[in-house]
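Colleague: From the sequence below, what's the structure:
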Amino acid sequence: MSLDWIYWAISWILLFWHSAWDRIGVPSTEVLGTNWSWILAIIFLVVTVRVILFPVFVKQIKSQRAMQALQPKVKELQEKHKGDRETLQKEMMELYRKEKANPLMGCLPMFLQIPVFLGLFHILRRLNPEQTRNVDLYGWTADQFYDASRASLFTAPIAGRFGSTADELAAMGASGTTVKVIAGILVIVMIVTTYLTSRQMILKTGWAEDPQQKMIQRLMLYGIPASLLISGAIFPIGVIIYWVVNNMVTLGQQQWVLRKFPPPPMPAGKGKPATKSTSTSKSAGRPAAKSGAGQSRKPGTTDAKPKSAGVFARRGNGAEAAAPEPAPVREGLKPKPGAKPVNPKKRRPAKRPG
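Modeller: Coordinates of the predicted model:
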């Protein structure tokens, strides 16, 4: 299958925004070692793609909410078919079909952007100042190709890569050290922001109970950022710029959507509310215990008088001496069934004979 239509579409968007910034007055020449008109063209390529894919992003959020609402039913199926993986998978697929939920919907926006990465990667790989003078491809003129091949970010060509060979760097008139430093920094930022976009969503919605959905979450959170550590070395700097900007836009977009449409509360016992409730109930009982202990130290309180009465009872006759010392009355505790009420005011120490 030919991908020329993708290259034409990406080229048209890039050239449109580059021409727009030229008309506004953004210089094509280097300022601080950067051709801002081409950098802004890549940034607004991200904006254009994100606007086009926004309806898909909304569907992704709705699908994740539907999957989260199905977690209790998924857990019931897991308990019912424990040990029978084949039956469990069939039952869960039937549940997803009935409830119109798609576990793979969470990855759809990323999959739809893969052609954009491939198209931009293909175009930037062709930016060679020695081969573009007579090139007229995907709507580019030879002058536009040559100008883009000289475009740079802090003197590092946007067509350069961390793994560029010495001959490729010499053709672009670039320093190998500069290209490696700029590309290395951008790869690190790309990995971190890719991890944060997945982590932000998982923190808000929680880990899935469905093993398939949980595997996808782990792949998004750990697998993709780890793979970028290797594949980032072959990405042109322009593609890494696109990826980093796309991650930043995604972080802001997800934050806005999650605030406007918050996820449903987590089940009791699995989220923070249950933990807070338990700690609150424990702390609520502590003042009562401290209050009771404090009363026993003060003279004239319920704890002090029964204790002194027991001392005098042992000094009296045998009947009184055999009587057990009443237990201190604690706040919040009811008397045992059948026990006589203790009234320290009516209980007086026995008088000594003679």
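
Colleague: residue boundaries of the strands in this structure?
Modeller: 152-153, 156-157 (DSSP state E).

Colleague: quick one: strands adjacent to the first one?
Modeller: Within its sheet, strand 152-153 is paired with strand 156-157 (antiparallel), according to DSSP bridges.

Colleague: Need the contact partners of the partner strand.
Modeller: 127, 149-151, 172-174, 178-179, 181-183, 237 (CB atoms under 8 Å, 6 or more residues apart in numbering). Every C-beta, even on glycine, is put in place using the N, C-alpha and C of the backbone.

Colleague: Quick check: of these, which has the highest neighbour count?
Modeller: Ile237 (27 neighbours; other CB atoms under 10 Å).

Colleague: can you pull the contacts of that one?
Modeller: So Ile237 contacts 153, 156-161, 179, 182-183, 186 (CB under 8 Å, 6+ apart).

Colleague: Equivalent analysis for Trp207, please.
Modeller: When contacts are taken as CB under 8 Å, 6+ apart, Trp207 is in contact with 214, 217.

Colleague: what about 6 Å?
Modeller: For Trp207, the contact set (CB atoms under 6 Å, 6 or more residues apart in numbering) comprises Lys214.

Colleague: now do Met190
Modeller: 228, 240, 243-244 are the contacts of Met190 under CB under 6 Å, 6+ apart.

Colleague: For those, give me a markdown table that also has neighbour count, pLDDT and distance to Ser198.
Modeller: Output for these, formatted as a markdown table (neighbours: other CB atoms under 10 Å; pLDDT from 0 to 100; distance: CB to CB, whole Å):
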| residue | neighbour count | pLDDT | distance to Ser198 |
| --- | --- | --- | --- |
| Leu228 | 20 | 91 | 12 |
| Ile240 | 24 | 95 | 18 |
| Trp243 | 24 | 93 | 14 |
| Val244 | 21 | 95 | 15 |
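
Colleague: Now intersect the residues you listed with the helices, please.
Modeller: 228, 240, 243-244 (DSSP state H).

Colleague: Show me the two of those residues that sit farthest apart.
Modeller: Maximum pairwise distance in the ones in helices among the contacts of Met190, criterion CB to CB, is 10.9 Å, between Leu228 and Val244.

Colleague: Done for today, thanks.
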